[in-house]
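**Q** Got a sequence here, can you build the structure:
(one chain, ligands or ions: 1)
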Amino acid sequence: MHDVIIIGAGAAGLSAALWCDELGLDTLVLEQGAEVGGQLLNVHNPIGNYPGVEAANGTELRDLFAAQVAATVTLVHRGKTLGARREFAEKIQGDHRITVFNEATLEGIFGGERVEAVEILRRGALKPFRMAVRGVLVRVGVEPNAELFAGQAHTDERGYLVVSGEQETSVENVFAAGDISNPLAPTVSGACGAGATAAKIIASRLTLKSRES
Ligand SMILES: Cc1cc2nc3c(=O)[nH]c(=O)nc-3n(C[C@H](O)[C@H](O)[C@H](O)COP(=O)(O)OP(=O)(O)OC[C@H]3O[C@@H](n4cnc5c(N)ncnc54)[C@H](O)[C@@H]3O)c2cc1C
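**A** All right, here's what the predicted structure looks like:
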């Protein structure tokens, strides 16, 4: 029997696995994807906010925004200013191919077999205006991947697993780390820290248990 089973080999799972190994625990890591890394596999921006990770992989955000496949991009969002990190916001604002509509909402998508137009309502306008487009990319909201625990572990109103300061869920000895339990600040450093915390708590509990028996 394994001491620990880790579901998911993203930053949190890998950090927990490294710590479990360091602490001498027999650990099995299950990953549904073909590769380990989780979201890190999709991060094409430099990760400059995690110590030890070099700013590599220079795919720029504007590339992400389809500058290579579309002549122009219109970014519609509800806020007064872009909520993206400054480095990204500056790139968007400095790219003549990207038009930003602040305080605006997408009211409709129109077309037949292909998208042909959208309607955008700008704050203060009485009615939306129609704009011809060749594609729509919806990037709204994030959902935690916690269905596996539905009806078993407590979740908050948005479906994120609720954990204690020890990263333990409401089910004894079931721990959660990373984005699945961190709606406020989903980051590589947060995921790694939480994975390490969970591993250390598990190790100390197992040590205590073996001393008692
Ligand atoms: C485009 C982008 C840019 C980002 N930029 C930054 C940045 O600059 N700095 C920063 O700190 N953070 C950044 N982040 C956020 C950061 O990548 C995440 O917070 C972090 O990687 C989350 O790690 P995680 O282990 O919690 O989750 P994930 O990376 O999502 O890993 C979860 C893993 O679990 C696996 N899994 C899920 N369910 C199962 C199952 N039932 N069985 C087996 N395996 C399962 C998944 O396949 C996945 O591999 C960025 C994220 C994105 C998408």
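
**Q** host element of residue 172?
**A** Using DSSP states H and E, residue 172 falls within no helix or strand.

**Q** In stretch 2-20, which residues are buried?
**A** If you call a residue buried by 16 or more other Cβ atoms under 10 Å, then stretch 2-20 has these buried ones: 4, 6, 8-17, 19-20. C-beta here means a position set from N, CA and C on the backbone, and glycine is covered the same way.

**Q** Tell me if I'm right that residue 10 and residue 42 touch.
**A** No: under the criterion of Cβ atoms under 8 Å, residue 10 is not in contact with residue 42, lying 10.6 Å apart.

**Q** contacts with the ligand among the buried residues of stretch 2-20, please.
**A** When the buried residues of stretch 2-20 are checked against the ligand using Cβ under 6 Å from any ligand atom, the ones in range are 8-13.

**Q** Closest to residue 197 out of those?
**A** Each of these was scored against residue 197 by Cβ to Cβ, and residue 12 proved nearest at 10.1 Å.

**Q** what's the closest non-adjacent residue to that closest one?
**A** The shortest distance from residue 12 to any residue other than its chain neighbours is 2.9 Å, reached at residue 178 (Cβ to Cβ, 6 or more residues apart in numbering).

**Q** what's the answer for residue 167, then?
**A** Excluding the flanking residues, the one nearest residue 167 by Cβ to Cβ, 6+ apart is residue 198, at 4.1 Å.
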